[in-house]
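> Got a predicted structure plus its sequence, pasted below:
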Amino acid sequence: RMGEYLEQEYGGNLQEYYELLAHHYSRSGDDEKSWDYLVKAGDDARAKYANEAAIAHYQHALSLDVEREDKYRVYESLGDVYRLIGQYEQALTSYRAALDARPPTPAHIADIRRKIAKTWELQGRYEEAMNYLDLTKASLEGEHETLEMARIYSDMGWIARRRGEYEESLRLCAQGLEIVHRLPETQDTRQVLAELQHTLGTTYWRMGDYERAIAHIQACIEVRESLGDLYGMSRSYNNLAVVYGSRGDFDLAAQYIRKSLEIGQRIGNAYGTAMCYANLGVVDYTLGNYRRAVEHYEHSLAIRQEIGDTQGIADLYNNLGEVHYALGNHREAIYYLQEAIRLFTELGDKATLVEAHKLLAEVELELGDIAHAREHCTRSLALAQEIANQEYEGTIQRVLGLISRAGGQDDETIEHLRRSVEILATTGNRLELGRSYYELGLMLKKTGRDGQAELERAAQIFDELGIEGEAEKARAAMR
């Protein structure tokens, strides 16, 4: 009776009474009505990012003894909430239950399978995710020109990017875009378009093409802001920050990271929050605030360990190895970098494996182990060339130069350093270019040649980037 009264009294505005209506219909034994209002209450809570409430409502609905054709959708929605908050195993369990509940069409089945693959990707299980997407794509044979197929290409492109397969990522995104551009423009097609732009932007960032990266990510942000897509906005702000940081615009980078972090915390996105803390650590590390960088990295690592994000854990080990090397903590640096290499190798992440081998080479060099330093640097260079990343290649050439210098090979040192400057000048990474100019200037002076111009260029770059410590070192070397 109370449920009927509320429906009659507030029929035009029942949203705030969904939970109460579900309670009264449950008490009266009307499980069908209770199901309807519990699902509506769950959907309402999910839309407001009240994640724990959404989970409670969906679980209550699923506990009722009712036969409903839309049961698969509730399991799917429950999985979406679990995935957002980083509870990946619960998400996978919910998605599998959704499949068992017999979704009505091949497109619905494909969508849930794609979400299973996305969850695996978030766990760093790239091969499983890509294989499952291949199977899902094959199941849609005859339905190529569909939004779901475009989504699959988008997700496959993202996994390829994560694995360092940049040309493959661009190819897959192009296929997704072809489909989207042939479909009528709707909110759903715009969301997929934004995701494809996001992947293209982050792929171009990894390739060192910062201008294209910024253009694609900003195009993505424009769509996501117009749609009010908070989750997507948070991701894109964070990735735009990474590009600005790589380009040396650290104030802009920090500004976008904080925008992303505020949204991520508000909506309960554990993965995104961890990513923001890691990127704040990168900014602090670059500006020489090493202790604060360690704090941010450790905060991010704790979240990633809690949610089981293997890729994120590997990234943080790499970052912690780098900052401990800068602090002179060689034992800690070697431990973290070796663990990073182990995980990156298991994940098949060639892009970050390049960086880990390069960093370990630098630590070994400082400890006087030239043979191991050269071994790691050679591995790093081969990987950088394999994935066609000029930014990495230019940085590794500098480290090879320092290894040659330690071995007393002056001409070879200068050759590597000149090659480093030449390569990095074609990329947008001014910080690494400044460091290579600095080392080249030092080496030219050491061998009785004129390195003043190189040192002046290094100091100018560091000044422009606001990195006072490195600028002062370059000026001191001129005297």
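Looks like it came in fine. Numbering: from 1, shown residues only.

> Please make it C-alpha for all contacts and neighbour counts, starting now.
Will do.

> On the pLDDT front, check residue 19 for me.
We have a pLDDT of 68 for residue 19.

> ok now do residue 85, which residues does it touch?
Residues in contact with residue 85 (C-alpha atoms under 8 Å, 6 or more residues apart in numbering) are 51, 268-271.

> Buried residues in stretch 205-219, which are they?
For stretch 205-219, burial by neighbour count (16 or more other C-alpha atoms under 10 Å) applies to 205-210, 212-219.

> pLDDT averaged over it - what is it?
Averaging pLDDT along stretch 205-219 yields 94.

> Show me how far it is from its chain's centre.
Here the centre of stretch 205-219 is set off from its chain's centre by 14 Å, with C-alpha atoms, centre = their mean, to the nearest Å.

> Name the secondary structure element that contains the residue nearest to residue 146 when sequence neighbours are not counted.
Nearest residue to residue 146, sequence neighbours excluded (C-alpha to C-alpha, 6 or more residues apart in numbering): residue 179, at 7.0 Å. Using DSSP states H and E, residue 179 sits within helix 166-182.

> for whichever helix or strand comes after that helix, packing partners?
As assigned by DSSP H and E, the chain's next helix or strand after helix 166-182 is helix 187-206. Under the contact definition 3 or more C-alpha pairs under 8 Å, 6 or more residues apart in numbering; DSSP states H and E, helix 187-206 sits against helix 147-162, helix 166-182, helix 210-227, helix 230-247.

> Tell me the buried residues in the one helix or strand residue 130 maps to?
Per DSSP H and E: residue 130 is located in helix 126-139. Neighbour counts over helix 126-139 (16+ other C-alpha under 10 Å) mark 126-127, 129-130, 132-133, 136-137 as buried.

> and stretch 420-429, how far out from the chain's middle?
Centroid displacement of stretch 420-429 relative to its chain, using C-alpha atoms, centre = their mean, is 24 Å.

> got it, and stretch 399-407?
Counting by C-alpha atoms, centre = their mean, stretch 399-407 is centred 33 Å from the centre of its parent chain.

> re earlier: tell me the one among the buried residues of stretch 205-219 nearest to residue 238.
Of all the buried residues of stretch 205-219, residue 238 sits closest to residue 217, with 10.1 Å by C-alpha to C-alpha.

> That closest one and residue 409: what is the separation?
The gap separating residue 217 from residue 409 is 44 Å, by C-alpha to C-alpha, to the nearest Å.

> circling back: outside of the helix holding residue 130, which residues touch it?
Residues from elsewhere that reach helix 126-139, judged by C-alpha under 8 Å, 6+ apart: 106, 110, 113-114, 116-118, 120-121, 149, 152, 156, 159, 163, 347-348.

> dump the residue contacts of residue 478.
Contacts of residue 478 by C-alpha under 8 Å, 6+ apart are 452, 455-456.

> Got the domain ranges for the protein?
Domain assignment for the chain, taken from automatic domain parsing, gives 309-388, 389-479.

> For the longest one, measure first residue to last.
This means domain 389-479. By C-alpha to C-alpha, the extent of domain 389-479 from end to end equals 36 Å.

> Please pick the buried ones from the contacts of helix 126-139.
Buried by 16+ other C-alpha under 10 Å: 110, 113-114, 116-118, 120-121, 149, 152, 156, 159, 163, 347-348, out of the contacts of helix 126-139.

> from those, which is closest to residue 473?
For the buried ones among the contacts of helix 126-139, the closest approach to residue 473 (C-alpha to C-alpha) belongs to residue 163, at 36.9 Å.

> thought that closest one was touching residue 348?
Yes: between residue 163 and residue 348 there is a contact at 6.0 Å, judged by C-alpha atoms under 8 Å.

> I'd like to know which helix or strand in this protein has the lowest mean pLDDT.
In the chain, the helix or strand scored least confidently by mean pLDDT, DSSP states H and E is helix 2-9, which has a mean of 46.

> which ones are touching residue 268?
49, 51, 84-85.

> List phi and psi for it.
Backbone torsions for residue 268, taken as degrees, to the nearest 10, come to phi 80, psi 30.

> how close does it sit to residue 48?
According to C-alpha to C-alpha, residue 268 stands 11 Å off from residue 48.

> can you check residue 220 too?
As judged by C-alpha to C-alpha, residue 220 and residue 48 stand 22 Å apart.

> Which of the two has more residues huddled nearby?
The residue with more neighbours, out of residue 220 and residue 48, is residue 220; 27 against 13, by other C-alpha atoms under 10 Å.

> Hmm, that one is touching residue 199, no?
No: counting by C-alpha under 8 Å, residue 220 sits too far from residue 199 to count as a contact (9.4 Å).

> tell me, what's touching those two both at once?
Contacts common to residue 220 and residue 199, judged by C-alpha under 8 Å, 6+ apart, are absent.

> related to what we said a few turns ago, narrow the contacts of residue 85 to those in helices?
Per DSSP state H, helices hold the following members of those: 51, 270-271.

> Among those residues, which one is most surrounded by other residues?
residue 271 (23 neighbours).

> quick one, what contacts that residue?
Residue 271 makes contact with 84-86, 303-304, 307, according to C-alpha under 8 Å, 6+ apart.

> repeat that for 7 Å
For residue 271, the contacting residues are residue 86, by C-alpha atoms under 7 Å, 6 or more residues apart in numbering.

> In terms of pLDDT, where does it sit?
Looking at residue 271, the pLDDT reads 92.

> cool, residue 10 as well?
In this model, residue 10 is scored at 46, pLDDT.

> any idea how far residue 347 is from residue 119?
15 Å.

> pLDDT below threshold where in the protein?
Scanning the chain for pLDDT under 70 picks out 1-30.

> redo that, cut-off 80
For the chain, residues meeting the criterion pLDDT under 80 lie at 1-31, 141-144.

> So what touches stretch 338-348?
Identification of contacts with stretch 338-348 by C-alpha under 7 Å, 6+ apart yields 124-126, 163, 314-315, 317-318, 353, 356.

> centre of the chain versus it, how much separation?
Chain-centre distance of stretch 338-348: 17 Å, with C-alpha atoms, centre = their mean.

> Count the residues that sit near residue 68.
Residue 68 has 11 neighbours, counted by other C-alpha under 10 Å.

> Helix, strand, or coil at it?
State at residue 68, reduced to three classes by DSSP: H, G, I helix; E, B strand; the rest coil: coil.

> Helices - which of the contacts of stretch 338-348 land there?
Among the contacts of stretch 338-348, the members falling in helices (DSSP H) are 126, 314-315, 317-318, 353, 356.

> and those residues as a markdown table, adding distance to residue 393?
Formatted as a markdown table, the ones in helices among the contacts of stretch 338-348 follow (distance: C-alpha to C-alpha, whole Å):
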| residue | distance to residue 393 |
| --- | --- |
| 126 | 25 |
| 314 | 21 |
| 315 | 20 |
| 317 | 22 |
| 318 | 18 |
| 353 | 13 |
| 356 | 13 |
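
> By neighbours, which of these wins?
Counting neighbours by other C-alpha under 10 Å, the top entry in the ones in helices among the contacts of stretch 338-348 is residue 356, with 30 neighbours.

> With that, I have no additional questions.
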